[in-house]
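> Model the following, please.
(2 chains)
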Number of protein chains: 2
Amino acid sequence: MLKINKNYLQLNESYLFSTIARKIKAFTDEHPDKRVIRMGIGDVTRPLCGAVIDSLHDGVSEMASADTFRGYGPEQGYDFLRGAVQGYYASFGVNLDMNEIFISDGAKSDIGNILDIFDVDNTVLIPDPVYPVYVDTNMMAGRKILFMNANADNNFLPLPDESVKADIIYICSPNNPTGAVYDYDGLKKWVDYANDCGAVILFDAAYEAFVAEDRLPRSIYEIEGARRCAIELCSLSKTAGFTGTRCGYTVVPSQLVFDGVALNKLWLRRQTTKFNGVPYIVQKGAAAVFSPEGLVQVRENIDYYRRNAAVMTAAFDEMGVWYTGGKNSPYIWFKCPSDMKSWDFFDLLLNEQQVVGTPGAGFGRNGEGFFRLTAFGKYEDTVEAMERIKKLFATL
Amino acid sequence: MLKINKNYLQLNESYLFSTIARKIKAFTDEHPDKRVIRMGIGDVTRPLCGAVIDSLHDGVSEMASADTFRGYGPEQGYDFLRGAVQGYYASFGVNLDMNEIFISDGAKSDIGNILDIFDVDNTVLIPDPVYPVYVDTNMMAGRKILFMNANADNNFLPLPDESVKADIIYICSPNNPTGAVYDYDGLKKWVDYANDCGAVILFDAAYEAFVAEDRLPRSIYEIEGARRCAIELCSLSKTAGFTGTRCGYTVVPSQLVFDGVALNKLWLRRQTTKFNGVPYIVQKGAAAVFSPEGLVQVRENIDYYRRNAAVMTAAFDEMGVWYTGGKNSPYIWFKCPSDMKSWDFFDLLLNEQQVVGTPGAGFGRNGEGFFRLTAFGKYEDTVEAMERIKKLFATL
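Numbering: from 1, shown residues only, chains lettered A, B, ... in the order given. Down below sits the predicted model:
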């Protein structure tokens, strides 16, 4: 008799975004005349840049002719794209071997799938608040999870607690949902701690392209010792608007050796067995992101979102509201006014000013009393939304 | 201290295709004047059809404008493609609910990933010879594996052995590597057996488009009772030349309930947590496969490969060689002449006639003494290769 994986029964259903959608619908049904501005979901709105579009069309055209048609490709990605990623890392001083770079269909897939190569019997350390995928994927496997508190006291950037021993550590910087970014010193503490424990760090760098200040690292490999403890997962979703085009990369350095086994070799085995690579057309488009023309164009889109973020941080600065993010991140995470709870503030903001954000409580216990807005909307909407938010705060 | 998944250390390294590549290279280095014809790897050679190319270009163009840009899509696929797959199934009499269809990036990914929703403590029944992914993915999880013998005595179509109890059963029909195809009676025996045991059948239908005879099922759901025991995994790789474009679909019927839990719900949870959907552009191209124009065009490509297969079966018929496949499959699986072993015949065929195939021994114990050729090459090459093979057989 087939037995299901009962760990799935322990998962919490995620009602966060469905509850938000339901509340918006209820409001708009009742007030069809009011215009709702959505700053909740972390999806991009700018189209793919010209260099990527041209390259995608080229890729499609190649598939139309037997001479240039591409069938099965290497599971770990074509060298032309791995080389482009290698060059991108080199541009900020990180030298990687091409075999350390695995092209993926996005960070979310690999964040889940990388766990395949680890034993169930490992202790996982996860920050709270958090991107829910870190928690759910480990619960599915039945791993023991410890949480570390991210809160206003540590500016949502927790540091290692020597009394806690963990084997798998999640760090997301710039952070989703808080927008907080570790500096070199902070990441160095994590790298040293991981090397002391013999732990692996799963470093989620999906928002690295938003790092604007030189004093902040974009890759964990800018930290000495990281090649012995860290896997880095990154994505073109936010860098180049690939949320619906699906391409990213995972870096597994050759020095990552545990139990006498190289993780790079295990991950290659996992990918060649359970994955068949990213579509050639998409890899062709992704390579254009790293072309001189593409780098300029994706930067223009990021600058557009940064301008939104600047409008938002300026408004919160003006109001004297406590927040993290916005400066090196597309997320602004702020304290709800008057010690309100996240969902109460959500309802108030929707009902009074028709702006939608994401209640911090949806990301974990420490998110209660906080609220997330994203800079991925239209500029005019962002300006309008902040005016509305200022009006609301003035009444409280 | 991080512990790796030690099950990976039990895996056999697959040297099959790398050994073939090395032998070809050694031969061509020594004989640069000889033209080698490759009929080994199961990859397509015909380009994507016009309807798909046009639709892919349309998809790319939509991503270039903010009004039509697509960001995150539903993890389980867009309704326009799920509806197209639903219509395709309906065309041969199988009625599915749209929620039972999950769009994937290919059958290989889902064949591996579907195991996430099952307990490690299940017994797996796998035919030998076999597509190695079935074995490796279960070894990675540490499941107990039983093999069933496919051989000349059962025409490489083993039937259930009531004395064996299994929980997860793999069936691939038309089969890779043997090309053998179950008829309705054969599949009915498997469905009844699975329902008796409370087992799930993972039915790999990747080659269904090659079924030419009405007496043979293209989907396991043509069999009564299958909706209570079978998950079907299919792909556009062979149907429409998507080996490098990556799109398939997995069907999880709502009636699949084990331990009181619907597998459909578990798989949805797995996919929404560890997957972010197939690229919009690719889904747009895939939908064109099922358009009236697309169906005609992909059929033309399949007919091209079928013509190759007919050349091959005619030659083996003429020589009186025992084989399976070819008639409803792109693979021909034949008995090596003079009781030769698979690798000995491989060497002989390469050295004497410069034709490359795949030694059956590479697919399992029962593959020894057999040999696989594929019909995915160019027509002229296929004709030439069969002439060469006839010459070789005449000398033995």
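> hang on, residue A:103 in a strand?
Yes - counting by DSSP: H, G, I helix; E, B strand; the rest coil, residue A:103 falls inside a strand.
> in which helix or strand would I find the nearest residue to it once chain neighbours are set aside?
Residue nearest to residue A:103 in three dimensions, not counting chain neighbours: residue A:77, with 2.6 Å by CB to CB, 6 or more residues apart in numbering or on different chains. For the C-beta atoms, the positions are set from N, CA and C on the backbone; glycine is no exception. Residue A:77 belongs to no helix or strand when elements are defined using DSSP states H and E.
> For residue A:77, the count of nearby residues, please.
26 (other CB atoms under 10 Å in any protein chain shown).
> cool, the one 10 residues further on as well?
The tally of other residues near residue A:87 (other CB under 10 Å) stands at 11.
> Hmm, it is touching residue A:292, no?
No - look at residue A:87 against residue A:292 with CB atoms under 8 Å: they stay out of range, at 10.8 Å.
> so where do the helices sit in chain A?
Taking DSSP state H, the helices of chain A run over residues A:16-30, A:50-62, A:79-91, A:107-113, A:132-141, A:184-197, A:236-240, A:263-274, A:280-289, A:292-319, A:342-353, A:379-394.
> where's the fourth one relative to the chain centroid, distance-wise?
On the basis of CA atoms, centre = their mean, to the nearest Å, the separation between the geometric centre of helix A:107-113 and that of its chain is 11 Å.
> And the contacts of that helix?
For helix A:107-113, contacts defined as CB atoms under 8 Å, 6 or more residues apart in numbering or on different chains pick out A:102, A:104, A:133-134, A:137, A:202, A:204, A:206, A:233-235, A:237, A:248, A:250, A:270, A:274-275, B:113, B:273-276.
> what about 6 Å?
For helix A:107-113, contacts defined as CB atoms under 6 Å, 6 or more residues apart in numbering or on different chains pick out A:104, A:133, A:137, A:206, A:233, A:235, A:248, A:250, B:274-276.
> looking at those residues, which has the most residues close by?
residue A:235 (29 neighbours).
> residues from the stretch 101-250 of chain A in reach of chain B?
Residues of the stretch 101-250 of chain A found near chain B (CB under 6 Å from any CB of the partner chain) are A:106, A:108-109, A:112, A:117-119, A:121-122, A:136, A:167, A:198-200, A:243-246.
> Report the closest residue of the stretch 151-300 of chain A relative to chain B.
residue A:274 (3.1 Å; CB to the nearest CB).
> dump the residue contacts of residue A:277.
So residue A:277 contacts A:73, A:75 (CB under 6 Å, 6+ apart).
> Go again with 7 Å.
Neighbouring residues of residue A:277 by CB atoms under 7 Å, 6 or more residues apart in numbering or on different chains: A:73-75, A:77.
> next one: residue A:368
Contacts of residue A:368 (CB under 7 Å, 6+ apart): A:341-342, A:360-361.
> quick revisit: which members of the residues of the stretch 101-250 of chain A next to chain B occur in strands, if any?
residue A:200 (DSSP state E).
> The residues of the stretch 101-250 of chain A next to chain B, buried ones only, as a ChimeraX selection?
To isolate the buried members of these in ChimeraX, using 16 or more other CB atoms under 10 Å in any protein chain shown:
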select /A:106,108,109,112,117,118,119,122,136,167,199,200,243,244,245,246
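> which of the contacts of residue A:277 lies closest to residue B:177?
residue A:75 (19.8 Å; CB to CB).
> quick one: pLDDT of the closest residue to chain B within the stretch 1-150 of chain A?
Nearest residue of the stretch 1-150 of chain A to chain B: residue A:112, at 3.1 Å (CB to the nearest CB). Listed pLDDT for residue A:112 reads 96.
> For residue A:105, see how far away it is.
11 Å (CB to CB, to the nearest Å).
> Which one (most neighbours) among the contacts of residue A:368?
Most surrounded of the contacts of residue A:368: other CB under 10 Å gives residue A:360, at 26 neighbours.
> residues contacting that residue?
A:129, A:177, A:333, A:342, A:367-372.
> now swap in residue A:202 and tell me
With CB under 7 Å, 6+ apart, residue A:202 has these contacts: A:111, A:114, A:168, A:170, A:231, A:233.
> All set, thanks.
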